[in-house]
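Peer 1: pasting the sequence and the predicted coordinates here, then a few questions.
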There are 4 protein chains.
Amino acid sequence: MTFRSALIVGAGHGLSAALARAFAKEGMAVALAARAPDKLARLAQDTGARTFECDATQRYDVDAVFAKLDEAGATPDVVVYNASYRTRGPLIDLDPVEVEKAIAVSAFGAFLVAQAAVRRMLPNRRGAVFFTGASAGVKGYAQSAPFAMGKFALRGLAQSMARELSPQGIHVAHVVVDGGIRSARRQEAPDKPDSLLDPDAIAQSYLHLLHQPRNAWSWELELRPWVENF
Amino acid sequence: MTFRSALIVGAGHGLSAALARAFAKEGMAVALAARAPDKLARLAQDTGARTFECDATQRYDVDAVFAKLDEAGATPDVVVYNASYRTRGPLIDLDPVEVEKAIAVSAFGAFLVAQAAVRRMLPNRRGAVFFTGASAGVKGYAQSAPFAMGKFALRGLAQSMARELSPQGIHVAHVVVDGGIRSARRQEAPDKPDSLLDPDAIAQSYLHLLHQPRNAWSWELELRPWVENF
Amino acid sequence: MTFRSALIVGAGHGLSAALARAFAKEGMAVALAARAPDKLARLAQDTGARTFECDATQRYDVDAVFAKLDEAGATPDVVVYNASYRTRGPLIDLDPVEVEKAIAVSAFGAFLVAQAAVRRMLPNRRGAVFFTGASAGVKGYAQSAPFAMGKFALRGLAQSMARELSPQGIHVAHVVVDGGIRSARRQEAPDKPDSLLDPDAIAQSYLHLLHQPRNAWSWELELRPWVENF
Amino acid sequence: MTFRSALIVGAGHGLSAALARAFAKEGMAVALAARAPDKLARLAQDTGARTFECDATQRYDVDAVFAKLDEAGATPDVVVYNASYRTRGPLIDLDPVEVEKAIAVSAFGAFLVAQAAVRRMLPNRRGAVFFTGASAGVKGYAQSAPFAMGKFALRGLAQSMARELSPQGIHVAHVVVDGGIRSARRQEAPDKPDSLLDPDAIAQSYLHLLHQPRNAWSWELELRPWVENF
């Protein structure tokens, strides 16, 4: 099964950029939706990706991105939801507005994007919707209740969707990224090689999921550096 | 360790009523907060409970309830969050407004109530905050994404709080109710005795959690009828 | 539902003794089976318990204990499996004979005891079989493969039995004891009160499980000190 | 990172054959160890694989296979444990000898093979040990206690090893095969395409794990057909 068109939501410079490059290399048209898409100009140039300004927590923003892709004949058959927001601290010090935002960006936006995506995939009974999770989605850490709420909710969405939509031909997967991701600003210490996840390595696992035939699908995959405690 | 004053949020006629009776029987002052507290008149009479109108998803409603309890010298040392909201159906048919509500009532409201409760408990380094979960919080069922999101998020909140607050003397627990609850409207078939959970039986397990000494606390407890598939 | 007769297998001075006392206090006849039952003389005196020499990994030993209890009219309707054996160390240094023993004592013996118990309970469609697990049964720790194998296997047995036997009236539960247990030899530091589980506190949770009506059974319960990391 | 030499233990005609072909295609030397290796003649011819007679539950059998591979300069840097044994039925009808065998083949043999493998890998601080698990290793099904015990124990071994050995450069993974595997004897119904796992598809996921760079390792991967209930 080959895929033609990918949409990555929550696009930044790390994992989303690596995914964009990996998908483009596979010959797929790529679209990137982010709150500040001007940061993506270089990436768009490299990958030929369309970029869209989109607040994934806003239904009409999400719908508009999909409508434009429809018009362009680039309705995505692969969608990756990569946005998240966190706020940390002792429970009693958390700002409820920030908590709402953490849940909205990490989980509710994922629902909005998934719903728009699946509406387009179901008639063809094929497509892939992948969610970028975190270890916070399987383990609620102290002083991190908002992120736990958002990422647990995201995992609940993904698992419910996998049960509903897999038998309808849509591959739903939840990737648990457990560890820090290497970036321009965040490099591992020389004496701790490979202690941060390489975005390109993560992207290779997304590609593998995409290539799995439907008789052997994974709905969840954990990825962590060899030296990460878990 | 004895507790003096319990607040039950999301009070209806089933589990909340059973909890109110069980707590009152233990000699505790009981308060009930619900969106439509007039339905609780009879229960309030039976248990001597104070009742409050409260939309748990609204920060100021929640704060007001706690403020009134403070004034009355009935600041709760036991708080049970029992509210939830669900909407069901194929992912593509779900109303985003209802999805937001499911998350808000099932999880965000729990955060608001927990935060207000813990602020009052921490200075004494004692108290109990219990959340009523569901099997939907550990397993995302098909066509039930909103409830999965809400109840997974609730479990993430509870687990994060347990890790943060247990060492500060606050017992945080998440009770997974797996099965239907017996009520006036919902009775089990005569040939399937005990196939629905008795609210009083559930309440006994909450009481047991409350009585656990801090050297042997449970943070999670599943309850299901003997004949329930799981 | 009242229970008449309890058998505790793997009886030592800690949790088994606390269970024996708690069951005896409830008016139950108590039997203790252990490899070295002479150590149990004092406990037997205190609780009126019968004691049996039994290597739980040996089928004929197990059968003999049950046969003697049958003859004495004390066929147990409550059975607790409390035996375990561990060996630790880097994987490459482990002695295979010790690994086999860890699995045999922690899990295979549990099967033998459970089978003998359930054969006697099924005709009455009532009874309780409880297994003492450990955090090692839900999380495989480094340098502790043998205990992980034994305790994971025990949990698999318990979960399979719960699914099979709950609908036949037999309450199967697995108690995850996460933390050290207080004993004559092992006392908590004065500045870390309640950092070890009190055997009597654990026993109270076993009793609670025993008292749960069948419409609200728990199949698993975790217990840990307030200050335990998890 | 490239691997040179793979050993597959518990080799039959399904997954093991697919793995042998996939590894051989990657240019690796392949060895197959099974109780009845004469059945493997054709596969050995196709893949150039060495074959060994080996009862994986017998320490000296296991050691002999590794010793022969050492002598041949084909010490494996990839080992897959693929053996399992099951017996089913109501708990009270199970034959204890069969239960012991299920645990021994499914889990204790895995320990023996893993220990021999890791002893050879640790000096180089590289290698891969993969275990073929089953849904029975994460969920204990009714009337299937022996398989649950064996596969839970296998998962405990794998998780403990992953925690211990990943930071030493050895990739340990547990693949949860959830569903029936397609074979000459077992074909899916024409109206249920892809309802059985294709061994070659499973093998592709093992290869993917093998190719993961150490900064983004998976320790567990579930695979199931799109239409499988879970």
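Peer 2: That came through, no problem. Here the structure is a predicted model, which means the values were calculated and not measured. Numbers count the residues shown, from 1 in each chain, chains lettered A, B, ... in the order given.

Peer 1: and chain A, which residues reach chain D?
Peer 2: Counting by CB under 8 Å from any CB of the partner chain, chain A comes close to chain D at A:163, A:166-167, A:169, A:171, A:182, A:194-198, A:201-202, A:204-205, A:208, A:211-228, A:230. Just so you know, the C-beta spots here come from the backbone N, C-alpha and C atoms, and that holds for glycine as well.

Peer 1: for ChimeraX, what selects the buried ones among those residues?
Peer 2: Buried residues within these, by 16 or more other CB atoms under 10 Å in any protein chain shown, are selected in ChimeraX with:
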select /A:163,166,167,169,171,182,194,195,196,197,198,201,202,204,205,208,212,213,214,215,216,217,218,219,220,221,222,223,224,225,226,227,228,230
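
Peer 1: the residues of chain A next to chain D in strands, which ones?
Peer 2: Counting by DSSP state E, the residues of chain A next to chain D place A:171, A:220, A:221, A:222, A:223 in strands.

Peer 1: out of the residues you listed, which comes closest to chain D?
Peer 2: Distance to chain D, by CB to the nearest CB, is smallest for residue A:223 among those, at 4.5 Å.

Peer 1: list the contacts of that closest one.
Peer 2: The contact partners of residue A:223, taken as CB atoms under 8 Å, 6 or more residues apart in numbering or on different chains, are A:175-179, A:197, A:201-202, A:205, D:212, D:216-218.

Peer 1: give me the nearest residue to it, chain neighbours excluded.
Peer 2: Distances taken as CB to CB, 6 or more residues apart in numbering or on different chains place residue D:216 nearest to residue A:223, at 4.5 Å, with adjacent residues excluded.

Peer 1: then residue A:69?
Peer 2: Using CB to CB, 6+ apart and skipping residues adjacent in sequence, the residue nearest residue A:69 is residue A:75, 5.5 Å away.

Peer 1: so where do the strands sit in chain A?
Peer 2: A:5-9, A:29-34, A:50-53, A:78-81, A:127-134, A:170-177, A:220-223.

Peer 1: quick one: strands adjacent to the third one?
Peer 2: If I follow you right, that is strand A:50-53. Here strand A:50-53 is paired, per DSSP bridges, with strand A:29-34 (parallel).

Peer 1: how about residues contacting the strand it pairs with?
Peer 2: With contact meaning CB under 8 Å, 6+ apart, strand A:29-34 is reached by A:4-12, A:16, A:20, A:23-24, A:40, A:43-44, A:47-54, A:56, A:65, A:69, A:74, A:76.

Peer 1: among the residues you listed, which ones are buried?
Peer 2: A:5-12, A:16, A:20, A:23-24, A:40, A:43-44, A:47, A:49-52, A:54, A:56, A:65, A:69, A:74, A:76.

Peer 1: which residue packs closest to residue A:192, ignoring adjacent ones?
Peer 2: Distances taken as CB to CB, 6+ apart put residue A:227 closest to residue A:192, at 6.7 Å, once the chain neighbours are dropped.

Peer 1: and if you look at residue A:116?
Peer 2: Nearest non-adjacent residue to residue A:116, counting by CB to CB, 6+ apart: residue A:66, 4.5 Å away.
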